[in-house]
Structure formats: structure tokens, C-alpha cells
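A.B. asks: Sequence plus predicted model, see below.
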Amino acid sequence: MTVAVDPVAVAANVAGVRERVAAAATRAGRDPDQVTLVAVAKLFPAAAVRAVLEAGVADVGENYARDLEAKAAQVPGVRWHFVGRLQRNKAGVLVRVGALVHSLDSLAGARALGRRAVAAGTTARALVQVEVDDREAAHGVRPADLGGLLDACRAVDGLQVEGLMVMPAPADDPEATRPAFRRTAELAARSGLAELSMGMTADFEVAVEEGATLIRIGTALFGPRPTGRGGPGDRQGGPPVDRGGGP
């Protein structure tokens, strides 16, 4: 099914989100320019990517490597982000488009990215996904294991780890996600990492207040997501099933 995209509506939504980011940053004594808006275009057509690009958003996230590759071929001038589950056999695609990977959670994944990057004569960039809530089936590295993984990743040729990403447990109240965001910010500071990918449509203002440098927003920009394939990454923005409207 073809999804209609209204560039005027998208531009208005971008402006509204930026206003909310600015207000949240001001409350926290931060510069709004420290926060990068990543438009998550999962399941939306390339027209959606063009619409946010025209509205001044150059950072776009995708959950599926094959969708990212296809849209990158159609829409130049985008800084790509990969926010779905990292599969080692897709590492080459992510390296080719220069995507910042938000969902690194294993040494095997790190080595796959590094190997592909070395072969391409470039450097792969990634954030380590952490799991700070007590969830058995959740994806991400536990705080106790983070230091060891970071040390191992830093020894991988062709890979640069720039920060952390977190996806808190679903909650009806955005305030319920604050402890997870705060804990992730503390882990990043302790690890000497500058980037923090935190917050989606339902809770990005709390994330900005707690130090997010990247927020992953889909529904607030594009409206309800089209129905489509499920699987890992559905809860994006890492990544990601939407809660409260999605990224």
C-alpha cells in the first residue's frame, strides 16, 4: 500500500518537535543545538525522507538494512542512522551508506562492522545499546558487562564507538523512563562517551532533560506508522514496537 506523505504537515510537525526540544533543553540548562533530531522513517516511503530533509532534518533512521539501502539510493544528502537490531550479515550495507549504528550489543557485531569497514577503507561508527531495566528478554548490554565490551570494541580495527543507546521498558507515564535515561547518562559519562541516543515520541522531552544528544522520532513527525512486517526492531528507534505512538 502506498502511503501519502504531506510535506507541509511534516514540516509543521518538525517545527513543533523542535520547539518542544528547545523548551526541554532550556529547562535542563542545555543548548538545544546539542540535541540531534533523528527522523525514524521505518515503513514510510522515500517521500517521507525527502519531506523531512526539505524541512531541515538531515538525520534519518531506519530499522531495516534493506530499506535503508534502498532509500539511501533514492535520497541523497542524508546522514543515515540504523536503529534496528544489528545482524552481522547486514554490516556491509550499513558501512557502505555510512550509517551510525545505534544498536551494537555484542563483540561479534563489532567485529563484523570493523571487518567490513577495514575492507572498505573507512571506519564504522556505532553506539552500544544498554539495558538498564530488569528485563530478561530485553536486548542490550547490562551495566556490569559494559566496561568489558567497550574495552573489546575499542580494540577492533575499523570501529569507533561514540556513545550509548537505551530503550527503556514501556511505560504510560514518560516520567517513568527518567531513571533509565539518567542511569544511561551516568554510564556514558563514566565510560568517556559523548553521544546518548535516548527518547522517542512518547518520552523525548524527558530524555532531553537527562542529556540525550540524539532523539529518535517517528510518529510525531510522520503520523501513525503504516502496517508492515514485524520482527526485531519494531520498537524502534533500536532498536524498536512503538509505545505511545512509536519513535
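C.D. replies: Everything's here; your move.
A.B. asks: Let's test this: mean pLDDT of the lengthiest helix in the chain, rounded?
C.D. replies: Secondary structure of the chain read by DSSP state H shows that its longest helix is helix 7-27. With pLDDT averaged residue by residue, helix 7-27 scores 98.
A.B. asks: by contact count, what packs against it?
C.D. replies: strand 36-40, helix 46-54, helix 204-209, helix 219-222 (3 or more C-beta pairs under 8 Å, 6 or more residues apart in numbering; DSSP states H and E). Heads up, the C-betas are built off the backbone N, CA and C, glycines and all.
A.B. asks: quick one: average confidence on the longest one?
C.D. replies: Model confidence over helix 46-54 averages 97 on the pLDDT scale.
A.B. asks: one step back: of the helices and strands packed on helix 7-27, flag the one that's most buried.
C.D. replies: strand 36-40 (a mean of 27; mean count of other C-beta atoms under 10 Å).
A.B. asks: how about the strands in this structure?
C.D. replies: 36-40, 59-62, 79-82, 100-104, 124-130, 159-166, 195-197, 214-217 (DSSP state E).
A.B. asks: Save the ones you listed as CSV, and put in mean pLDDT and distance to Leu68 too.
C.D. replies: Output for the strands of the chain, formatted as CSV (pLDDT from 0 to 100; distance: least, C-beta to C-beta, whole Å):
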stretch, mean pLDDT, distance to Leu68
strand 36-40, 98, 11
strand 59-62, 98, 4
strand 79-82, 98, 6
strand 100-104, 98, 11
strand 124-130, 98, 14
strand 159-166, 98, 16
strand 195-197, 98, 16
strand 214-217, 98, 14
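A.B. asks: Generate TSV for those, with distance to Arg30 as supplementary columns.
C.D. replies: Below are these laid out as TSV (distance: least, C-beta to C-beta, whole Å):
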stretch	distance to Arg30
strand 36-40	13
strand 59-62	18
strand 79-82	21
strand 100-104	21
strand 124-130	19
strand 159-166	16
strand 195-197	12
strand 214-217	13
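A.B. asks: Nearest to Ala73 among the ones you listed would be which one?
C.D. replies: strand 79-82 (11.4 Å; C-beta to C-beta).
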